[in-house]
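Colleague: Okay, sequence plus prediction incoming.
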Amino acid sequence: MRRPEKSSHYVGTFPQLRGFACKIGDPRRLWRTGNLGWEVMNERKPLEQPRPMDTADLRNRKSSSKPAKLSREVQARLGQQLRAMYDDVVNQGVPDRFAELINRINGDGSKDRQ
Amino acid sequence: MDESVRKAVLGAVPSLRAFAISLCGNVDRADDLVQETLLRALANIESFQPGTNMAAWLFTILRNHFRSEYRKRRREVEDNEGRYAETLKSQPEQYGQVEFREFREALAQLPADQREALILVGASGFSYEEAAHICGCAVGTIKSRVNRARTRLAELLSVFGADDFGPDEQTRAVLARGGG
């Protein structure tokens, strides 16, 4: 798939159009509707796929607005660490001060104030 | 108080403490928070609906109490996030904070909203719905906070590539202690 790098019709020189074309899908559809009279679509094969650089641009733009997706393995590791840290405290059980506090409340609902 | 309710309260205490320590980064302060939470809960035990999740009920009380205290304290100390991190550094010997120090320090750098969401879902074992109920926000909000928290933690701990993670010292320490 050759591209005329110097052509004034080349959509690739307009990044915003490129992004637009990528989003829409098949640009011929646009041209057929008559909304946009892009000559480039008339005279040559439309841009089916963005160039590798374009996809990188799109990805970068995306990551600035959304957090990057972590791999399952990284997520699993983070989860492991978080739970290990948390369970370290959980495994200490119920400190006496809290057991006493709770047991001070009688089974019949009345409070046994000491 | 019904015996089963008492048992449920008692059973929730260990997790409640872990949550409190994760929130404020200081064991003594966390235990005060748990004590205040239990006193409030026991004084209002009639408002607990039997059959519902006791832990979630207690977590909600603790979380709200912490938030109102947090707001009060923020007036006294400007940078509360920085203070949290500072608290950790000034108490390196405190029980339960040595092995997990690096992880706790990373956790301390998260915004409070993200930190609590991550802990509730990732450690306390609540569903997104329960966590949303505890924090008084939408389920989608919790999901996005958890995602952001994970991403930020991974950045802080440099674990984007699994290979960068290095030997899992914390896990090994836990295993070693468990075996010995």
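Modeller: Received the coordinates, thanks.

Colleague: now B:Glu36: how far from chain A?
Modeller: Separation of B:Glu36 from chain A (CB to the nearest CB, to the nearest Å): 11 Å. C-beta coordinates here come from the backbone N, C-alpha and C atoms, glycine included.

Colleague: Look up the pLDDT of the spatially most central residue of chain B for me, please.
Modeller: Geometric centre of chain B, nearest residue: B:Phe19, 3.0 Å, by CA atoms, centre = their mean. B:Phe19 carries a pLDDT score of 96 in this model.

Colleague: likewise B:Arg40?
Modeller: B:Arg40 is assigned 94 on the pLDDT scale.

Colleague: what's the helix or strand for it?
Modeller: Using DSSP states H and E, B:Arg40 falls within helix B:27-43.

Colleague: which other helices and strands contact that helix?
Modeller: Judged by 3 or more CB pairs under 8 Å, 6 or more residues apart in numbering or on different chains; DSSP states H and E, helix B:27-43 is in contact with helix A:96-103, helix B:3-24, helix B:54-76.

Colleague: May I see the ones you listed organised as CSV, with distance to A:Val89 added?
Modeller: As requested, these are arranged in CSV below (distance: least, CB to CB, whole Å):
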stretch, distance to A:Val89
helix A:96-103, 13
helix B:3-24, 4
helix B:54-76, 14
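
Colleague: Those: which one's closest to B:Ser47?
Modeller: Across those, B:Ser47 has its closest neighbour in helix B:54-76 (8.7 Å, CB to CB).

Colleague: Taking their axis directions, that closest one and helix B:27-43 sit at what angle?
Modeller: Between helix B:54-76 and helix B:27-43, the angle comes out at 130 degrees (axes from the mean of the first three to the mean of the last three CA atoms, to 10 degrees).

Colleague: Okay, domains of chain A per the record?
Modeller: A:11-65, A:72-103 (automatic domain parsing).

Colleague: just flag whichever of those has the lowest average confidence.
Modeller: Here the lowest mean pLDDT among these goes to domain A:11-65, at a mean of 44.

Colleague: coming back round to it: measure the residue nearest to the centre of chain B to B:Val34 for me?
Modeller: 9 Å (CB to CB, to the nearest Å).

Colleague: Now the common contact residues for the two.
Modeller: B:Leu62 (CB atoms under 8 Å, 6 or more residues apart in numbering or on different chains).

Colleague: count of residues packed around the residue nearest to B:His133 when sequence neighbours are not counted?
Modeller: Leaving aside its chain neighbours, B:His133 sits nearest to B:Ala56 (6.6 Å; criterion: CB to CB, 6 or more residues apart in numbering or on different chains). By other CB atoms under 10 Å in any protein chain shown, the residues close to B:Ala56 number 18.

Colleague: Check B:Ile45 too.
Modeller: 16.

Colleague: so it makes contact with B:Val5?
Modeller: Yes: with contact defined as CB atoms under 8 Å, B:Ile45 reaches B:Val5; the gap is 6.6 Å.

Colleague: Show me which residues of stretch B:141-159 are buried.
Modeller: Under the neighbour-count criterion of 16 or more other CB atoms under 10 Å in any protein chain shown, stretch B:141-159 has B:141-142, B:145-154, B:156-157, B:159 buried.

Colleague: hang on, isn't the residue nearest to B:His133 packed against B:Glu130?
Modeller: Yes: judged on CB under 8 Å, B:Ala56 makes contact with B:Glu130 at a distance of 5.2 Å.

Colleague: show me what contacts B:Val121?
Modeller: Going by CB under 8 Å, 6+ apart, B:Val121 touches B:127-128, B:131, B:142, B:146.

Colleague: out of these, who's nearest A:Ile105?
Modeller: The closest of those to A:Ile105 turns out to be B:Ala131 (CB to CB; 28.3 Å).

Colleague: Go ahead and confirm the closest one touches B:Ile142.
Modeller: Yes: counting by CB under 8 Å, B:Ala131 touches B:Ile142, with 4.9 Å between them.

Colleague: Could I get the average pLDDT for stretch B:108-118?
Modeller: Mean predicted confidence for stretch B:108-118 is 94.

Colleague: OK, contacts around B:Asp31?
Modeller: Neighbouring residues of B:Asp31 by CB under 8 Å, 6+ apart: A:95, A:97, B:17, B:20.

Colleague: interface residues of chain A facing chain B?
Modeller: Contact residues (CB under 8 Å from any CB of the partner chain) of chain A with chain B: A:67-68, A:70-71, A:73-75, A:77-95, A:97-99, A:101-103, A:105-107, A:109.
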